[in-house]
Each structure stands twice: as structure tokens, then as C-alpha cells.
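> generate a structure from the sequence data that follows.
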Amino acid sequence: MRFEPVKGAPFDTKLPIRGTKSAAGHDFYAPYDIVVPAHGLSKLVHFNIKAIMPQDMFLFLRIRSGLAVKHGLMVHCSGIIDADYANNADNDGNIGAMFVNSSDEEYVIKKGERCMQGIFLHYSITDGDNASGSRGGGYGSNGKF
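I've put the predicted structure just below:
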């Protein structure tokens, strides 16, 4: 498993890293100042990074606990990045996220601040699984969006 910049990523794109040898999550860094309005939702933030992993894995995106506890922030949706998302025709697998603010005050995630973490996980399939489709693009490309 590894992270790579997407095609055309800015030269200063910082790849996610683990902060300690026991950390499960790889820290993602804000690519620019991200404004998260009070009781609101940020715009979609693209990190200019893709995740390369085996087909039996996915990347699970979660908010960093300090931002959740101290500032009421969360990552919008469940944040599941499938293995076949990397290199898709729409956006080269550019990982994106939106942030939710449950507090009464606007919060700005500063450029370079660790804002979420990605955890690589294995998954299992059911007996008799016969999934045969393949991804054709990015967000919502293999079903309703």
C-alpha cells in the first residue's frame, strides 16, 4: 500500500504519514486553508493524493480526534475509498473530503495542518459473491450519485 500524488498535483503536495510507530492512521494535511462554517459543511477538499492498495482493502477516512473533541469537527459521510478508485478516468483517484462543524463558531483548518487520517483495512466478501462490474470514473460512477 502507498500514497502517490495525482497527475498535476502541486509540487508541495504532502503525502500522508503515520505520526508514531503505533499509529493506525496516516495523517492527511490540509492542502490550503479550509473554512468550515459554524453548524455547516465545508466545500469538497481535494488532497491531490491517491491511495494504491490491493483489491481486498479499502482506505477508511476519519477526522483527527483533537479536531473532533476540541472543535466539533467531523468528516462528512463514511469516507470509504475503494481500491479501484485510484487512477480512475475522472480524477486519477484524487481523495476528497468534506468537513462538518457542529460547533457555534467557524473553524479554519490551516494549510499544512493535520486534519484527517486514513486507515487501510482488509474486508471480506460473502460466499457466492459474483460482483463483476468495474469502475468507470470517480464519485458516483458505478451507481446513482
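> so what's the gap between the lengthiest strand in the chain and the chain middle?
Across the chain, the longest stretch assigned as strand under DSSP state E is strand 114-122. Its chain's C-alpha centre and that of strand 114-122 lie 7 Å apart, by C-alpha atoms, centre = their mean, to the nearest Å.
> check stretch 40-51 too.
7 Å.
> wait, residue 25 sits on residue 18?
Yes. Using C-beta atoms under 8 Å, residue 25 is in contact with residue 18, at 7.0 Å. In short, each C-beta sits where N, CA and C put it, glycine included.
> in stretch 73-93, which residues are buried?
For stretch 73-93, burial by neighbour count (16 or more other C-beta atoms under 10 Å) applies to 73-75, 79, 81-86, 88, 91-93.
> quick one: furthest residue from the center of the chain?
residue 128 (30.4 Å; C-alpha atoms, centre = their mean).
> report pLDDT for that one.
Residue-level confidence at residue 128 comes out at 91, pLDDT.
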